[in-house]
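Enquirer: Need the 3D shape of this:
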Amino acid sequence: MSHKKLMRIMGLDVGSKTIGVAISDELGITAQGLKTVKRKATEDDLRELVDIISQFQIEKIVVGLPKNMDGSLGKQAEFVLAWVDDLKNKIHLPVDTWDERLSTVEASRTLLKADLSRKKRKGVIDKLAAVLILQGYLQQIGSRKDEPLPPA
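Expert: Next up is the predicted model:
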């Protein structure tokens with residue numbers, strides 16, 4: 001009988017003004033929205049994320065990578081990749097990127113269905129996008145349970 005290692009993963013939706021933050025449960029099955037960080041200086045943003053990593057004993061981070069619909073990397077993706085480099089220099093945890101092309105669109109659709117006002121949608125969309133990024137990642141690694149996990 002094999003025991004699945006418990007690991008809490010953090011999902012991030014990095015924008016120019018905010019960072020949506022989601023965390024997984026310890027079994028890595030579900031993602032919950034945690035908060036939306038208002039961007040300040042990169043150092044301040046990273047310090048706030050390091051506090052969350054410490055508080056929730058995060059072992060891995062997944063950052064949404066906003067690719068163009070044709071799969072190419074645009075200006076925003078390059079911004080996110082540079083930010084990920086800063087993150088990797090600050091923390092010593094594995095960091096993966098996840099194709100988030102449709103996560104913000106899906107988040108908007110979900111919030112419209114919930115009939116939230118535009119102001120309320122704006123407040124939670126980044127957090128929900130982070131949940132969708134992390135949930136997609138968790139489903140992908142969950143579907144490969146029989147395969148060994150890739151090296152961190």
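Enquirer: Quick check: chain neighbours aside, which residue is closest to Glu26?
Expert: Sequence neighbours aside, Leu6 is the residue nearest to Glu26 in space, at 4.4 Å (criterion: C-beta to C-beta, 6 or more residues apart in numbering). Glycine gets a C-beta too; all of them are placed from N, C-alpha and C.
Enquirer: who touches Ala22 in this structure?
Expert: Ala22 makes contact with Met10, Gly11, Leu12, Ala31, Gln32, Gly33, Leu34, Lys127, Ala130, Val131, Ile133, Leu134, according to C-beta atoms under 8 Å, 6 or more residues apart in numbering.
Enquirer: Correction: the previous question concerned Leu73.
Expert: Leu65, Lys67, Leu81.
Enquirer: pretty sure Ile53 is in contact with Met10, am I right?
Expert: Yes - in this structure Ile53 lies within contact range of Met10 using C-beta atoms under 8 Å: 6.7 Å.
Enquirer: anything in contact with each of the two?
Expert: Ile61.
Enquirer: which element is Glu59 on?
Expert: Applying DSSP states H and E as the criterion places Glu59 in strand 58-65.
Enquirer: Now do that strand, average pLDDT.
Expert: Averaging pLDDT along strand 58-65 yields 95.
Enquirer: So what touches the helix or strand just after that strand?
Expert: Next helix or strand after strand 58-65 toward the C-terminus (DSSP H and E): helix 75-90. By C-beta under 8 Å, 6+ apart, the surrounding residues in contact with helix 75-90 are 14, 16, 42, 46, 49-50, 61, 63-68, 73, 95, 97.
Enquirer: I am finished for the moment; much appreciated.
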